[in-house]
Structures are given as structure tokens and as C-alpha cells.
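[1] Below is the sequence, then the predicted model.
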Amino acid sequence: IREKDYAYLDSGSFKKEVVPHSNSFMTLSMLELAEYYELFKDIAPELYTLSILYRGMARQQLDFYTTYLRNGEGDFVTKKNISDDTSEKLVFEDKDSKFKFSDQALMMVAFYKYSMLDDCKDSEAYREFSEDILRMLMHYRDSLYELSFEELNKTVYALNILYCYDRNNEVGALILDILELLTGRYDENPELKTKLNHS
């Protein structure tokens, strides 16, 4: 906003929502970069330091998610920042308290990926947290089959990423079950075919 002789940012126009799935993708991207720059450890130390930077930022993000992006039941949900712009204290409220399996699954993958990195601090705690989410997904397996086509696609996408990191047979079997279900729904629904072909 321009006012007289200077310009400033209108903080009231900033998007205040924090969405689990987009944040987990951002963290996964940073973790992939951290893993890439680890390859330069004995080749180019100045590039290797980027791995340390990305790893540290990813850890801060994951810790932020567990502190601010969970509801009373411990599920990751979309939150809205309602903090006063002049305060350093962060305050969030539930924007969309609806439980989404895909949000939990993507967060699971981000925590798992962090635990895989070399020299990861507390890697076991991050891996156990990821495995807790996986156990929850397995426990509510029947509920996954009732999800919408779009939500089920997002969830199986996250499971596929996890399977790329860890060839877990249970995860592989769940992926096959879900893909069979998705294929059946796609074949049975001409409207869905039309919608997907035009998007």
C-alpha cells in the first residue's frame, strides 16, 4: 500500500491459514534438498552446509506442526493464525476441524523422511511418531475405503511416497487394495472419467 512518500505491506491482507497438506509437501521438498546436499559432504563442504540448513529448517517446521497444527485429539487440521500482529506469541484456532486421512498421511511421510537423514537429532522419536500415524491408518483401514475419490487419491499418494522410502509390505498391500478400489470406482463412473479428462 502506498501512502504519501513510502510503501508498506498490509499485514491484514496476508493469508492466515496454515494447511497441513501444503506444509507437509514444503517440508518434504526441503528434506529432499537436504538429502541431495548431503552428497557433497566430502566433495564441496560449502554445498554440504546447505544440507544442514535445510535439515534444521525442516525440523523446526515439524516441531511447529506438532505444536500448532493439531486439534485436541492430536490430529493435524487446518488452523488459522489469529495472533495480534504486534505480538510475538502465536495463537491459532481451528479453521477446518474436519479430520482428513490425507493430511495425516502426508505428515506421516514428512516425519518419516526426517528420521531417515544422516545425523538426524532424535531420529527415533520422529520415526516412532510417523509409525504411530501409520498404525492409525492401518487400524482405520475400512474407513479409508469409504473416502471420496479425491481424498482417497491423496491418501494413496502419500502411502506411495512412504513406500518409496521404506518397502514396508503392509503399506504395499494397502496401496494395492486402494488402487484396486480406485480403479473400480473410475471404471464404474462415467461422470468421473469425464471430469478427470477435462481437468
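    Looks like it came in fine.
[2] Apart from its neighbours in sequence, what residue is nearest Ser51?
    The shortest distance from Ser51 to any non-neighbouring residue, by Cβ to Cβ, 6 or more residues apart in numbering, is to Tyr37 (3.6 Å). C-beta here means a position set from N, CA and C on the backbone, and glycine is covered the same way.
[3] tell me which element the one you found falls in.
    helix 20-38 (DSSP states H and E).
[4] Now do the same for Arg55: its pLDDT.
    What the model reports as pLDDT for Arg55 is 93.
[5] same thing with the one 3 residues further on?
    On the pLDDT scale, Ala58 is placed at 96.
[6] what does the one 5 residues further on give?
    pLDDT recorded at Asp63 is 95.
[7] what helix or strand is it on?
    Assigned by DSSP H and E, Asp63 falls within helix 45-68.
[8] quick one: low-confidence parts of this structure?
    Counting by pLDDT under 70, the chain shows low-confidence ranges at 1-15, 118-121, 192-199.
[9] who's in contact with the spatially most central residue of the chain?
    Closest residue to the average C-alpha location of the chain: Ser24 at 2.4 Å, with Cα atoms, centre = their mean. Contact analysis of Ser24 by Cβ atoms under 8 Å, 6 or more residues apart in numbering lists 65, 103, 106-107, 109-110.
[10] farthest-separated two in these?
    Tyr65 and Val109 (12.4 Å; Cβ to Cβ).
[11] Please identify which of these two sits among more neighbours.
    Comparing Tyr65 with Val109 by other Cβ atoms under 10 Å, the one with more neighbours is Val109, at 27 against 20.
[12] Could you list which residues are in contact with that one?
    24, 28, 130, 158, 161-162, 165.
[13] change it to 7 Å
    Residues near Val109 by Cβ atoms under 7 Å, 6 or more residues apart in numbering: 24, 28, 158, 161-162.
[14] any idea how far it lies from Asp42?
    Distance, Val109 to Asp42, by Cβ to Cβ, to the nearest Å: 29 Å.
[15] what's the answer for Tyr163, then?
    From Tyr163 to Asp42 the distance is 31 Å (Cβ to Cβ).
[16] Which one's more surrounded, those two?
    Remark: of Tyr163 and Asp42, Tyr163 carries more neighbours, 17 against 7, as counted by other Cβ under 10 Å.
[17] Just give the nearest non-adjacent residue to that one, would you?
    Residue nearest to Tyr163 in three dimensions, not counting chain neighbours: Val171, with 5.1 Å by Cβ to Cβ, 6+ apart.
[18] buried stuff in the helix or strand containing that neighbour?
    Using DSSP H and E, Val171 maps to helix 169-188. Using 16 or more other Cβ atoms under 10 Å as the test for burial, helix 169-188 gives 171, 174-175, 178, 181.
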